[in-house]
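Peer 1: sharing a sequence plus its predicted fold:
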Amino acid sequence: MAETNDILEVAKMTISTSIKCNTVRGFIGWHSCDNICMDMHDVLICAKMLLSGKDTRNLLRQIHMCLFRA
């Protein structure tokens, strides 16, 4: 099983990369917004599958904080 810290680091990198790749001069367009949302959705699904049965509420809080720091 993957460690929680590893999953959070991957989640943060994925979301940061998605935002960087889907913005133009700091602006997120309509299509780019969909891409970012799909990447966020994928991160949440992956985390849920990897940590099923563990404290998912705590994990979701931590991923939520990653979003604000990305």
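Peer 2: Here it is on my side, so go on. Numbers count the residues shown, from 1 in each chain.
Peer 1: drop to CA atoms for contacts and neighbour counts, all remaining ones
Peer 2: Will do.
Peer 1: all helices of this structure, in order?
Peer 2: 4-21, 30-50, 56-69 (DSSP state H).
Peer 1: and those, which is most packed in?
Peer 2: Neighbour counts (mean count of other C-alpha atoms under 10 Å) averaged over each of the helices of the chain peak at helix 4-21, with a mean of 16.
Peer 1: about what we covered before: any chance of the helices of the chain in TSV, plus mean pLDDT?
Peer 2: Formatted as TSV, these follow (pLDDT from 0 to 100):
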stretch	mean pLDDT
helix 4-21	83
helix 30-50	85
helix 56-69	69
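Peer 1: residue at max distance from the center of the protein?
Peer 2: The C-alpha centroid of the chain is most remote from residue 25, which lies 21.6 Å away (C-alpha atoms, centre = their mean).
Peer 1: tell me the predicted confidence for that residue.
Peer 2: Residue 25 is assigned a pLDDT of 87 by the prediction.
Peer 1: residue 31 versus that one, what's the distance?
Peer 2: 15 Å (C-alpha to C-alpha, to the nearest Å).
Peer 1: quick check: residue 39 touching residue 18?
Peer 2: Yes: using C-alpha atoms under 8 Å, residue 39 is in contact with residue 18, at 6.9 Å.
Peer 1: list residues touching both of those two?
Peer 2: With C-alpha atoms under 8 Å, 6 or more residues apart in numbering applied, the contact sets of residue 39 and residue 18 do not overlap.
Peer 1: distance between the ends of stretch 25-35?
Peer 2: Taking C-alpha to C-alpha as the criterion, the two ends of stretch 25-35 lie 17 Å apart.
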